[in-house]
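In: Give me a model of this one.
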Amino acid sequence: MLEAPELTDVAKLPLAPKNPLRYRHQLRALRSLIDGHQELLDAGGPVTRMVLGPKWLFPAAVLIASPQGARDVLGRTDEIADRGGVTSTVQMRRLMGGNLLDLPHHEWLPRRRALQPMFTKQRVPRYAGHMAAAAQALVDGWCDGVTVDLDTECRALTLRALGRSVLGLDLDARADTIGPALRTALSWIADRAVRPVNLPQWVPTPGQQRARRANATLHHLAAEILTAVRADPDRDAPLVRALISATDPHTGQPLSDDDICHELVLFILAGHDTTSTTLTYSLWALGRHPAIQDQVFNEVSALGNRPLTPDDVPRLGHTVRVLHEALRLCPPGAGTPRLLNRDLSVDGYRLEAGTVAIVSFYAMHRDPYLWDRPLTFDPDRFLPERSEGRSRWQYLPFGGGPRSCIGDHFAMLEATLALATIIRAVRIESLKDDFPLATPFTVVAAEPVDARVHARTSN
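Out: Next comes the predicted model:
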């Protein structure tokens, strides 16, 4: 049973135990959000502390992979555990502007209040109108027996759907520009986040110049989208129009054009990296588990050959469970950091003010103490009868607490329609036994994910 941290006298708790690995090993492992973090947790337990230097140079870091620890850090509604204060989000804000991901608590709260109504379960179906059509167009372009890179194909699919359904702009021709710009900007942010000392941003190093050019490309696109929507009242761009009309319900304050562009860049990032990786992993996993793939095919085939709509999702339960299992094994974010502004009780330990607390979703999702056969791809583990008694804090593919992903319903709706549409049209045969992962910022495929596609004869 999870405990309420407010009932604990924090001063009487012991500090989180120091990690026993050698200093250089800790430093190297802390930079690797998947394998390195798992090494640290294997050596130090589910709450483990790294002291890598004087606090003014490198704050203490505590890695957390327990449901209680996740709740204690992420479940707070105040600024005590603040995402906006950690190095990675500070670097993102300096380069890409303030958005829901990187704003400090006092700025994030009014922004979240303003944007939350856009992403209710009742409203997100308005934004998903083109996803099934984009997925159908994708598979219509595949020849029977052709080998494709699932990662490249899913990136093209999600970018096309995002552009046509919510931004009011055809992004197909921009794919070769948007992807590299995002990777360049995010890699620069991640690199600076793990260095104790960085040159000021105004120093024109080649890396900083590349990052600024990449950011300028993304914000120029966002400004172009906003200008086009304002100029054409008939343009089908529901998400952009929602951003334009959004106001803080407490103050009535709307977003500035700069604020809107910062959020549009974040939505492009989420649509290009996170949803596409979830689809890629799901298709790869189905390509390795033909029986599970057949269950998805049978489920969606029962709906007929017509285009799928959001109204069909309640009848696609197995497809949704496949996505949940993909998100368990390959969460879009490997973890999330918080800067603690005062001492905090975390799973029975005291974490001192100034500590960076990192909740590892990836490790928690694969913990054998929390999951039966954790490395086995088993969508039915998310059946209601098998989910009874499971802590909601042990499965956090979209984060947890007030700063969880605002677009989780939208992402799941789009991914469900896309996956069902693709599997109804083709059979996937994965050509790789392992899914290569990298974490330049979010979790992505590290190399091509090749698969052979076969047209379904019933179509």
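In: roughly how far is stretch 191-205 from the heart of the chain?
Out: Centroid separation for stretch 191-205 versus its chain: 25 Å, with C-alpha atoms, centre = their mean, to the nearest Å.
In: tell me the average confidence for it?
Out: Stretch 191-205 carries an average pLDDT of 80.
In: Other residues contacting that stretch?
Out: Contact with stretch 191-205 is made by 30-31, 52-53, 57-58, 86-88, 91, 94-95, 207-208, as judged by C-beta atoms under 8 Å, 6 or more residues apart in numbering. Glycine gets a C-beta too; all of them are placed from N, C-alpha and C.
In: can you list those in CSV and add distance to residue 432 and neighbour count?
Out: Converted to CSV, the contacts of stretch 191-205 look like this (distance: C-beta to C-beta, whole Å; neighbours: other C-beta atoms under 10 Å):
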residue, distance to residue 432, neighbour count
30, 29, 22
31, 26, 15
52, 36, 14
53, 40, 12
57, 42, 9
58, 38, 18
86, 34, 21
87, 34, 19
88, 30, 20
91, 33, 21
94, 38, 14
95, 34, 19
207, 32, 15
208, 36, 18
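In: Which of those fall in helices?
Out: Using DSSP state H, the subset of the contacts of stretch 191-205 located in helices is 30-31, 87-88, 91, 94-95, 207-208.
In: List just the nearest of these to residue 121.
Out: residue 88 (30.2 Å; C-beta to C-beta).
In: Surely that closest one touches residue 337?
Out: Yes. Contact criterion C-beta atoms under 8 Å: residue 88 and residue 337 qualify, at 6.7 Å.
In: Contacts for the helix or strand harbouring residue 112, please.
Out: Using DSSP states H and E, residue 112 sits in helix 105-115. Helix 105-115 has contacts (C-beta under 8 Å, 6+ apart) with 78-79, 82-84, 98-100, 103, 243, 246-251, 253-255, 259, 263, 402-403, 406.
In: just stretch 140-158 next, same as before
Out: With contact meaning C-beta under 8 Å, 6+ apart, stretch 140-158 is reached by 134-135, 138, 172, 175, 179, 271-272, 275-277, 279-280, 283-284, 414, 418, 425-426, 428, 431, 444-445, 448-455.
In: Quote the end-to-end distance of it.
Out: Chord length of stretch 140-158, first to last residue, is 16 Å (C-alpha to C-alpha, to the nearest Å).
In: before we move on, back to that, mind checking which of the contacts of stretch 140-158 are buried?
Out: The neighbour count (16 or more other C-beta atoms under 10 Å) marks 134-135, 138, 175, 179, 271-272, 275-277, 279-280, 283-284, 414, 418, 425-426, 428, 444-445, 449-453 as buried among the contacts of stretch 140-158.
In: and the residues you listed, which of them are in strands?
Out: Mapping the buried ones among the contacts of stretch 140-158 onto strands (DSSP state E) picks out 426, 428, 444-445, 450-453.
In: Export the residues you listed to JSON lines and append columns for distance to residue 366 and pLDDT.
Out: Shown next, in JSON lines, are these (distance: C-beta to C-beta, whole Å; pLDDT from 0 to 100):
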{"residue": "426", "distance to residue 366": "30", "pLDDT": "98"}
{"residue": "428", "distance to residue 366": "24", "pLDDT": "98"}
{"residue": "444", "distance to residue 366": "18", "pLDDT": "91"}
{"residue": "445", "distance to residue 366": "18", "pLDDT": "93"}
{"residue": "450", "distance to residue 366": "25", "pLDDT": "98"}
{"residue": "451", "distance to residue 366": "24", "pLDDT": "98"}
{"residue": "452", "distance to residue 366": "28", "pLDDT": "98"}
{"residue": "453", "distance to residue 366": "29", "pLDDT": "98"}
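In: Spell out which two among these are the most distant pair, please.
Out: Maximum distance among those (C-beta to C-beta): 23.2 Å, for 426 and 444.
In: Contacts only, for the residue lying closest to residue 167 once chain neighbours are set aside.
Out: Nearest residue to residue 167 in three dimensions, chain neighbours excluded: residue 225, at 5.2 Å (C-beta to C-beta, 6 or more residues apart in numbering). Listed by C-beta under 8 Å, 6+ apart, the contact partners of residue 225 are 167-169, 237, 240, 264.
In: same check, this time on residue 456
Out: Contacts for residue 456 (C-beta under 8 Å, 6+ apart) come out as 297, 424-427.
In: ditto for residue 101
Out: Contacts for residue 101 (C-beta under 8 Å, 6+ apart) come out as 83, 89, 92, 266.
In: quick one: secondary structure of it?
Out: coil (DSSP: H, G, I helix; E, B strand; the rest coil).
In: What would stretch 99-119 look like as PDB? C-alpha coordinates only.
Out: Provided in PDB are the C-alpha atoms of stretch 99-119 (Å, rounded to 0.1, in the frame of the first residue of the first chain):
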ATOM      1  CA  ASN A  99       6.500  25.200 -23.200                       C
ATOM      2  CA  LEU A 100       4.600  22.700 -21.100                       C
ATOM      3  CA  LEU A 101       7.600  20.400 -20.900                       C
ATOM      4  CA  ASP A 102      10.200  22.900 -19.700                       C
ATOM      5  CA  LEU A 103       8.500  25.800 -17.800                       C
ATOM      6  CA  PRO A 104       9.100  26.100 -14.100                       C
ATOM      7  CA  HIS A 105       6.100  25.400 -11.900                       C
ATOM      8  CA  HIS A 106       4.900  29.000 -11.400                       C
ATOM      9  CA  GLU A 107       4.800  29.600 -15.200                       C
ATOM     10  CA  TRP A 108       3.700  26.000 -16.100                       C
ATOM     11  CA  LEU A 109       0.600  26.100 -14.000                       C
ATOM     12  CA  PRO A 110      -1.300  28.900 -15.900                       C
ATOM     13  CA  ARG A 111      -0.200  27.400 -19.200                       C
ATOM     14  CA  ARG A 112      -1.500  24.000 -18.200                       C
ATOM     15  CA  ARG A 113      -4.800  25.500 -17.000                       C
ATOM     16  CA  ALA A 114      -5.100  27.200 -20.400                       C
ATOM     17  CA  LEU A 115      -4.300  24.200 -22.500                       C
ATOM     18  CA  GLN A 116      -6.000  21.400 -20.500                       C
ATOM     19  CA  PRO A 117      -9.500  21.900 -22.000                       C
ATOM     20  CA  MET A 118      -8.000  21.200 -25.500                       C
ATOM     21  CA  PHE A 119      -7.100  17.600 -24.600                       C
END
